[in-house]
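S.K.: take this sequence and fold it.
(one chain, ligands or ions: 2)
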Amino acid sequence: MAKSSFTIQNQQDHLRYLDMLKEEFTKKFQERSPCMNSVDDYDIIKAIGNGAYGEVFLVRNKSTFTYHAMKVVAKEVVVERKHVKHLILEKKILDCVQFPFTLTMDVAFKDNVYLYFILPFVAGGEMFNYIQKYGNFSDELSKFYAGQIVLAIEYIHHCEVIHRDIKPENILIDVTGYIKLCDFGFSKKIKKKTWTLCGTPEYLAPEIIMSRGYNYAVDWWAVGVLIYEMEAGTPPFYAGEPAKLYDNIIEGRYKFPENMNGECRNLVKGFLQVDPSKRIGSLIGGVYDIKSHSWFKEIDWHALLHQRLEPPFMPVCNSSGDTSNFPEISQPMLQRCSKCLYEAEFEDF
Ligand SMILES: Nc1ncnc2c1ncn2[C@@H]1O[C@H](COP(=O)(O)OP(=O)(O)O)[C@@H](O)[C@H]1O
Ligand SMILES: [Mg+2]
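M.R.: Ligands and ions are numbered 1, 2, ... in the order given. Here you go, the predicted structure:
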């Protein structure tokens with residue numbers, strides 16, 4: 001296998017840059033950001049996504065005429081599912097992350113019924129839709145997206161944040177052709193280990209299913225699942241019933257698709273190690289092992305970070321408020337209420 005030209009010195013330089021970003025993240029994390037704006041500052045144009053807790057709309061700011069995505073979450077649903085802490089952390093983390101390939105937050109606010117996140121509108125839509133549309137991606141495109149995800153995860157882990165929901169639905173394609181990792185709904189700041197069972201079944205690492213306590217390595221497992229899915233069109237672990245799916249994951253039982261080359265197989269195998277201490281990304285070499293892997297040998301990591309590589313695919317976006325890359329979904333109405341619901345629970349939002 002041909003070797004990569006990415007050196008340990010390159011990685012050390014990158015780590016110094018990440019140290020700087022971490023300092024900014026930590027400083028912001030300790031501050032309390034004020035809730036500004038209200039839903040009345042925006043014209044709601046169209047619902048473009050529905051997630052686990054509520055809807056995402058394309059909106060336009062009434063005074064600046066800029067387009068944004070507005071994620072709206074009903075407080076009642078969050079309380080019912082006992083996810084109050086997750087939502088407060090989601091806001092905090094979204095507010096603090098600052099990296100080319102992670103979504104940022106413009107503002108957040110709340111009213112009597114809902115919590116609102118105003119986000120930059122990423123007009124190319126979900127990676128998931130392109131996998132559905134094209135069946136799978138070329139090796140070149142998979143590598144281009146995987147490289148950005150590796151950099152984004154390396155950054156958030158450096159800030160001591162674990163993502164826990166990496167999957168094609170949570171990766172958006174920007175008009176530039178580059179990606180934005182979104183949905184920090186399951187993210188958490190961790191020191192060593194955590195135990196909560198959360199994520200999406202097909203992407204769950206074995207140690208999450210086995211409730212043994214887990215750490216950052218679960219995100220590298222999900223990257224392995226993601227690379228496999230981009231190359232094959234379907235995830236590696238797939239079964240009709242959840243019990244069978246979990247069984248396959250715990251046993252590490254999957255087959256490679258024929259079109260996947262040897263270098264890619266080798267890297268995916270490195271990520272899909274059932275034992276997290278043997279998983280690439282969590283070994284002694286850390287992320288250097290991933291970046292210097294032969295599958296990534298054509299990737300100039302510095303040029304990728306600075307978005308100087310020409311994207312192998314560009315989404316079609318005709319105007320800044322173009323929603324044609326999002327599937328048509330039902331258009332819900334937002335409710336109003338004269339009484340403030342769950343005020344105490346969401347005091348810190
Ligand atoms: N900033 C954004 N720009 C465009 N679409 C977005 C944006 N944020 C979210 N979406 C769309 O809404 C969906 C749900 O948002 P997400 O944050 O993943 O919520 P959930 O936690 O409910 O899954 C996404 O998968 C995506 O299709
Ligand atoms: Mg999501």
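S.K.: check contacts around the residue in the chain positioned nearest to ligand 2.
M.R.: Relative to ligand 2, the nearest point of the chain is D183 (3.7 Å; C-beta to the ion). Every C-beta, even on glycine, is put in place using the N, C-alpha and C of the backbone. Residues near D183 by C-beta atoms under 8 Å, 6 or more residues apart in numbering: 51, 165, 169-170.
S.K.: again with P315
M.R.: 123-125, 173, 175, 177, 325.
S.K.: show me which of the residues you listed are buried.
M.R.: 123-125, 173, 175, 177, 325 (16 or more other C-beta atoms under 10 Å).
S.K.: nearest to R265, of the residues you listed?
M.R.: R265 lies nearest to I173 out of the buried ones among the contacts of P315, by C-beta to C-beta, at 25.6 Å.
S.K.: that closest one against F128, yeah?
M.R.: No - taking contacts as C-beta atoms under 8 Å, I173 lies outside contact range of F128: 10.2 Å.
S.K.: and the strands in this structure?
M.R.: 42-50, 54-61, 67-74, 107-110, 114-120, 161-162, 171-173, 179-181, 188-189 (DSSP state E).
S.K.: what bridges to H68?
M.R.: Taking DSSP bridges as the rule, H68 bridges to V59, P120.
S.K.: can you report how many residues neighbour it?
M.R.: Neighbours of H68 under the rule other C-beta atoms under 10 Å: 20.
S.K.: can you tell me how far N215 is from Q11?
M.R.: 21 Å (C-beta to C-beta, to the nearest Å).
S.K.: next: P236.
M.R.: In terms of C-beta to C-beta, P236 sits 28 Å off from Q11.
S.K.: pLDDT score for C96?
M.R.: C96 carries a pLDDT value of 97.
S.K.: and if you look at A2?
M.R.: Among the per-residue scores, A2 holds a pLDDT of 69.
S.K.: need the residues of this structure near ligand 2, please.
M.R.: By the rule C-beta under 5 Å from the ion, the part of the chain lying against ligand 2 is 51, 170, 183.
S.K.: do you know how far the last one is from ligand 1?
M.R.: Just to be clear, that refers to D183. Distance of D183 to ligand 1, computed by C-beta to the nearest ligand atom, to the nearest Å: 3 Å.
S.K.: would you map the helices across the stretch 201-349 of the chain?
M.R.: Applying DSSP state H, counting those that start in this stretch to the stretch 201-349 of the chain gives helices spanning 206-209, 217-232, 242-251, 262-271, 288-291, 301-305.
S.K.: for those, which one ends up most surrounded?
M.R.: helix 217-232 (a mean of 24; mean count of other C-beta atoms under 10 Å).
S.K.: run the chain-centre distance for it.
M.R.: Centre-to-centre, helix 217-232 and its host chain are 12 Å apart (C-alpha atoms, centre = their mean, to the nearest Å).
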